[in-house]
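K.L.:
For reference, the sequence and a predicted model appear below.
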Amino acid sequence: MRTTYIYFLVFFPFVIFAQFNADTINDQNFKNTLLLHKELVSIPNLPENNELMLKNINWVANQYNKLDFSTTLLKTSTLPILLAEKIYDPNYKTVLFYFHIDGQPINPDSWNQNDPFIPVLKEKDSNGEWQILDWNKLDGAINDEWRIFARAAADDKAPIIMLLSAFKILKAKNSYPNFNIKIIFDPEEEYGSDALLSTLDKYKELYASNFFIVMDGPAHDSNKPTLTFGCRGIATCTITTFGSKLPQHSGHFGNYVPNPVFSLAKLLSSMKDENGRVLIKDYYKGVEIDAGIDELLKSVPFDSIDFNNKLGIYTSEKVGRNYQESLQYPSLNIRQIGTSWTGEKLKTVIPEYATASIDVRLVPETDGKVQLQKIKKHIEQEGYYVIDGDPTDEERRTYPKIVKFNTSPDLNAFRTSPDLDFGKKIRARFTEDFGYDPIVIRMMGGTVPIVPLIDKLNVPTVIVPMVNMDNNQHSPNENIRVGNIRQGIKICLSILEMKL
């Protein structure tokens, strides 16, 4: 008893005579957790600065070394991957966790603080404005509604701290998981994960596991524990229509030279009906929403009126009957339209070309290359001669309607069934620990660049998002709600104490 007590006081000096309970340890040591988060977030994490990225990586490695994990820096085409590992029993199954350690670029002038990499503690005043708090406030009662503002405060350094704190609590309890642990720290997720993706074959055995948990992204806006079992993929293309070989004066040539913007607009309008459903043949082929899926989608809390009011739209498109169902289908989005003139002042010209940049969000039933071919075939059926470069003079004389169609590499979707044994166990564990069922998202709308790793592992995969939805991810004034850090630690403990 004396040895355990002394160890406990050394590891958690602010907890004296506390009940040996995970929630108690979490609450009593919460100040230290927040200061640890502050310390990590204070290290800038933009991948163009190799020295600072290595400082981030080494900081995390040192924390895990203190917990008796083995850590390895895996060489890649760019920055190294940090792999932390702990084998509790060679006969146990293995869970691989994923975090990214880099952050999005910043525009300091857009932030409401001097330096986006110096964390600022804030609370809302009676007028709804964020006011700066002194960090000494952590010595008293800590309000879950306080927030920490800084780049990467939420995405993805908060989850890194949450799992790290959970491991410290287990160590203080002299407890450990009944599965082995591997953790990947990706140094370039915000920039496409080139480092990680360059190693999939080289380090396949090191990444091998029975289950994969991705700790990234925001939870449901109710802030209830959330489990996401898939994400959409993405494919992109550009469609260009042509007028004359050079821009022409709209006074001299208006009513004579065709304007390519109008032909592009007509072509694009042929691809969707007024309710937003894609008209391209077989675009939704293979997607089926049966009774079980419908029930799962409807279980996610959703108020369409409130949702639409927040978005500032009168009504939604009618691809799905609700928001979650709409994410189960591939999308067709025009993300930008441009012509030859991009200067600040308008010119009275008929442009020589018009280009639409398109992104297609993919679902597991749709392959990116196949989906783009459906778009190309639709363009051909609209009477266009389709090429992949600028038209020659001969082609201009020969074909009345010409489109240049270019595609980019695609990234397909992934989805794990929530009803697999792994999904059932993690859902049941959350229900037991929190007293209510978690929010189960069949598939989120966004795309994660590590889908090739998921495909390579070929194991049940779940995304566990833990930060607040309104964290301003990728934007100025990124923040993490203090209560989400507290709850996130409990979520991590729930996973680590799950029986596999």
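P.N.:
Structure's in. What do you need? Residues are numbered from 1 along each chain as shown.
K.L.:
For the stretch 401-500 of the chain, just list every one of the strands.
P.N.:
Applying DSSP state E, counting those that start in this stretch to the stretch 401-500 of the chain gives strands spanning 402-407, 414-415, 439-441, 461-463, 479-481.
K.L.:
out of the ones you listed, nearest to Leu54?
P.N.:
strand 479-481 (24.0 Å; Cβ to Cβ). From N, CA and C alone the C-beta is placed, and that goes for glycine too.
K.L.:
Packing partners of the closest one?
P.N.:
Helices and strands touching strand 479-481, by 3 or more Cβ pairs under 8 Å, 6 or more residues apart in numbering; DSSP states H and E, are strand 147-149.
K.L.:
quick one: strands adjacent to the strand it packs on?
P.N.:
strand 120-124 (antiparallel), strand 479-481 (antiparallel) (DSSP bridges).
K.L.:
As TSV, the ones you listed with mean pLDDT, mean neighbour count and distance to Glu85 would be great.
P.N.:
Listed next are those as TSV, based on pLDDT from 0 to 100; neighbours: other Cβ atoms under 10 Å; distance: least, Cβ to Cβ, whole Å:
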stretch	mean pLDDT	mean neighbour count	distance to Glu85
strand 120-124	97	17	34
strand 479-481	98	26	27
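K.L.:
With respect to Leu82, which of these lies nearest?
P.N.:
Closest of those to Leu82 is strand 479-481, at 21.5 Å (criterion: Cβ to Cβ).
K.L.:
thinking again about what came up before, adding distance to Pro400 as columns, could you present the strands paired with strand 147-149 in a markdown table?
P.N.:
A markdown table is the format used below for the strands paired with strand 147-149 (distance: least, Cβ to Cβ, whole Å):
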| stretch | distance to Pro400 |
| --- | --- |
| strand 120-124 | 61 |
| strand 479-481 | 55 |
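K.L.:
Out of those, the one nearest His100 is which?
P.N.:
Minimum separation from His100 across these (Cβ to Cβ) falls at strand 479-481, 15.3 Å.
K.L.:
Any idea which of the strands paired with strand 147-149 gets closest to Gly217?
P.N.:
Nearest to Gly217, of all the strands paired with strand 147-149, is strand 479-481, at 12.8 Å by Cβ to Cβ.
K.L.:
contacts for that closest one?
P.N.:
With contact meaning Cβ atoms under 8 Å, 6 or more residues apart in numbering, strand 479-481 is reached by 37, 122, 144-150, 153-154, 158, 223, 467-468, 471-472.
K.L.:
Now do the same for stretch 220-229: mean pLDDT, whole number.
P.N.:
Averaged across stretch 220-229, pLDDT comes to 96.
K.L.:
ok, now stretch 381-395?
P.N.:
For stretch 381-395, mean pLDDT rounds to 98.
K.L.:
any idea how this structure splits into domains?
P.N.:
As assigned by automatic domain parsing, the chain contains the domains 2-231+413-496, 233-287+329-407.
K.L.:
Identify the bridge partners of the closest residue to Met443 other than its chain neighbours.
P.N.:
Among residues not flanking Met443 along the chain, Gly230 sits closest, at 3.7 Å (Cβ to Cβ, 6 or more residues apart in numbering). Note on Gly230: beta-bridge partners by DSSP bridges are Arg415.
K.L.:
in stretch 322-329, what's buried?
P.N.:
323-329 (16 or more other Cβ atoms under 10 Å).
K.L.:
measure it end to end?
P.N.:
End-to-end distance of stretch 322-329 (Cα to Cα, to the nearest Å): 12 Å.
K.L.:
Other residues contacting that stretch?
P.N.:
Under the criterion Cβ under 8 Å, 6+ apart, residues 232, 284, 287, 289, 293-294, 297-298, 300, 302, 304, 307, 316-317, 319-320, 363, 441-445 lie in contact with stretch 322-329.
K.L.:
Below-threshold pLDDT in the chain: ranges please.
P.N.:
Scanning the chain for pLDDT under 70 picks out 1-22, 25.
K.L.:
at 90 instead, please
P.N.:
Scanning the chain with the threshold set as pLDDT under 90 gives 1-29, 77, 340-347, 409, 446-448.
K.L.:
Show the contacting residues for the residue lying farthest from the centre of it.
P.N.:
The C-alpha centroid of the chain is most remote from His252, which lies 50.6 Å away (Cα atoms, centre = their mean). By Cβ under 8 Å, 6+ apart, the contact list for His252 is empty.
K.L.:
Pull out the buried residues from whichever helix or strand it is part of.
P.N.:
Assigned by DSSP states H and E, His252 belongs to helix 250-253. Buried residues in helix 250-253, counted by 16+ other Cβ under 10 Å: Phe253.
K.L.:
any idea which residue sits dead centre in this protein?
P.N.:
Centre-nearest of the chain using Cα atoms, centre = their mean is Gly217, 4.8 Å out.
K.L.:
Now do the same contact list for that one.
P.N.:
Residues in contact with Gly217 (Cβ under 8 Å, 6+ apart) are 155, 228, 444, 446, 463, 465, 467.
K.L.:
how far away is it from Thr339?
P.N.:
Remark: distance between Gly217 and Thr339 (Cβ to Cβ, to the nearest Å) = 36 Å.
K.L.:
for Asp216, same thing?
P.N.:
Asp216 is 38 Å from Thr339, where distance means Cβ to Cβ.
K.L.:
Please apply the same query to Leu420.
P.N.:
The gap separating Leu420 from Thr339 is 50 Å, by Cβ to Cβ.
K.L.:
Show me which of the two is the more surrounded one.
P.N.:
Thr339 (19 against 13; other Cβ atoms under 10 Å).
K.L.:
What ranges does the stretch 101-250 of the chain have for its helices?
P.N.:
Taking DSSP state H, counting those that start in this stretch as the criterion, the stretch 101-250 of the chain carries its helices at 157-172, 194-197, 204-207, 250-253.
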